[in-house]
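Student: turn this into a model:
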Amino acid sequence: MISTFLPGLVRTVLAPLLVALGLLSVALPAQAERIKDLASFSGVRENPLVGYGLVVGLDGSGDQVRQTPFTQQSLTNMLSQLGVTVPQGTNMQVKNVAAVMVTARLPAFAQPGQSLDVVVSSMGNAKSLRGGTLLMTPLKGANGQVYALAQGNLLVGGAGASQGGASVQVNQLNGGIVPDGAIVERGVPTTYVQNGTVQLELNTNDFAVAQNVVAALNRRFGANTATALNGRSIQLQAPLDPKSQLMFLSQVENLQVSLPPARARVVINARTGSVVMNRTVMIQEAAIAYGNLSVTISPQQQVSQPDTPFGGGETVVTNNTDIQLRSDNGSVKHVATSANLADVVRALNSLGATPQDLLSILQNLKSAGALRADLEVI
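Tutor: Below you'll find the model as predicted:
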């Protein structure tokens, strides 16, 4: 069954946008970007941190004890560390407390004393973290060592209210951030220069881009400065003086590189029906036949209460279901060879297909060898 999801979107929304991009692709010169936007230095990276903590000060919107016993256990352990002994068997009401997971990213070259933003997410059944305060939470790395401590007031972007069984909510209430809420306690050694050699890692695996980057670097800094190891890695000969290395790497990052045309790619989102393609997509001459099939199911309930001499009979509810099947006549459409994005858009729009139909058409074109592009379904 081919659905008629989002009818007409290709003609009204997708087509003008893609036609505009196609016209720009004709008028614009060769694309040039900074190396900073194309690659990164090997060894210069972030490290994820995670921790488990408690948020207090909630207005009765915290975890429920029966469904989240670990919240009460965590609260008892925290109080014992502060010198407060809670008798065993005490049934604490923790409506103002919520168990949360705290995450952050430790940037490269981070030093003790620097601040980090942290993300706080509820892991129990708390209704809202709005107005809460995160208690001191150790943030650990993959090796189990503590690299930062987080604490502070939460900033929650959502809002909600409920009364008498009715509720309204805007955005998410079970998560928030603490700006500059973590303090780095330990840095991670960052090594990016080894014996005067720096390795540059491209964001994508592309031999043509790697060759252009190597050529631009050798023109700027001299022959044999850069050597391509493969389609992603480039080796650089940096100065041995640490003071000169910083200037050298800064100049490398800001060097402009001309890029070859991107590899033809069509990205299809099967859940939303959206189709996005870049300007290098081509379609070869083909014939396409398609038709629409729709099924409509309408459940109905009929209520009858027959009269009797005793003042009324038993009420009877009968369920009736109406099913209709409709199929539109299919037709064969001729699609000419399209050499640029504007021609591709006109060829696809001539089919009069909905975006959901277009998903199947593009897949079939790829299978038939008429679509000259990589097809990616997400």
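Student: what are the ranges of the helices in the stretch 151-300 of the chain?
Tutor: In the stretch 151-300 of the chain, the helices defined using DSSP state H, counting those that start in this stretch lie at 207-221, 242-253.
Student: surely Gln211 is in contact with Ala226?
Tutor: No - in this structure, Gln211 is not within contact of Ala226 by Cβ atoms under 8 Å, at 10.2 Å. Bear in mind the C-beta positions are built from the backbone N, C-alpha and C, glycine included.
Student: the more surrounded of those two?
Tutor: Remark: of Gln211 and Ala226, Ala226 carries more neighbours, 23 against 14, as counted by other Cβ atoms under 10 Å.
Student: still on that earlier bit, winner for burial among the helices of the stretch 151-300 of the chain?
Tutor: helix 207-221 (a mean of 17; mean count of other Cβ atoms under 10 Å).
Student: what's the angle from that one to helix 242-253?
Tutor: 130 degrees (axes from the mean of the first three to the mean of the last three Cα atoms, to 10 degrees).
Student: pull the residues that contact stretch 247-260.
Tutor: 30-36, 38, 41, 198, 200, 206, 208-209, 212-213, 216-217, 220-221, 236, 238-239 (Cβ atoms under 8 Å, 6 or more residues apart in numbering).
Student: now with 6 Å, please.
Tutor: If you take Cβ atoms under 6 Å, 6 or more residues apart in numbering as the criterion, stretch 247-260 is touched by 30-32, 34-36, 208, 212-213, 216, 220, 238-239.
Student: stretch 42-61 now?
Tutor: Contacts of stretch 42-61 (Cβ under 6 Å, 6+ apart): 74, 95-98, 100, 102-108, 127-129, 132-135, 137-139, 141, 147-148, 188, 191-192, 199, 201.
Student: do stretch 145-152 as well
Tutor: Contacts for stretch 145-152 (Cβ under 6 Å, 6+ apart): 49, 102, 106, 118, 134, 136-141, 178, 181-186.
Student: buried only: go through these for me.
Tutor: 49, 102, 106, 118, 134, 137-141, 178, 181-182, 184 (16 or more other Cβ atoms under 10 Å).
Student: okay if I get those residues as CSV plus pLDDT and distance to Gly152?
Tutor: CSV is the format used below for those (pLDDT from 0 to 100; distance: Cβ to Cβ, whole Å):
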residue, pLDDT, distance to Gly152
Leu49, 97, 15
Val102, 97, 11
Leu106, 95, 17
Val118, 96, 8
Leu134, 95, 6
Thr137, 95, 10
Pro138, 96, 14
Leu139, 96, 13
Lys140, 96, 18
Gly141, 95, 21
Val178, 95, 4
Gly181, 94, 4
Ala182, 96, 8
Val184, 96, 15
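Student: now those residues as TSV including distance to Ile288 and secondary structure?
Tutor: Listed next are the buried ones among the contacts of stretch 145-152 as TSV, based on distance: Cβ to Cβ, whole Å; DSSP: H, G, I helix; E, B strand; the rest coil:
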residue	distance to Ile288	secondary structure
Leu49	52	strand
Val102	53	strand
Leu106	53	strand
Val118	53	strand
Leu134	57	strand
Thr137	58	strand
Pro138	60	strand
Leu139	55	strand
Lys140	56	strand
Gly141	54	coil
Val178	55	strand
Gly181	56	strand
Ala182	56	strand
Val184	59	strand
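Student: out of those residues, who's nearest Thr318?
Tutor: Val102 (56.6 Å; Cβ to Cβ).
Student: ok, that closest one - contacts?
Tutor: Contacts of Val102 (Cβ under 6 Å, 6+ apart): 51, 53, 118, 120, 137, 150.
Student: do Val267 as well
Tutor: So Val267 contacts 276, 376 (Cβ under 6 Å, 6+ apart).
Student: ok, it to Arg346 distance?
Tutor: Distance, Val267 to Arg346, using Cβ to Cβ, to the nearest Å: 20 Å.
Student: what subset of the contacts of stretch 42-61 is buried?
Tutor: 74, 95-98, 100, 102, 104, 106-107, 127-129, 132, 134-135, 137-139, 141, 147-148, 188, 192, 199.
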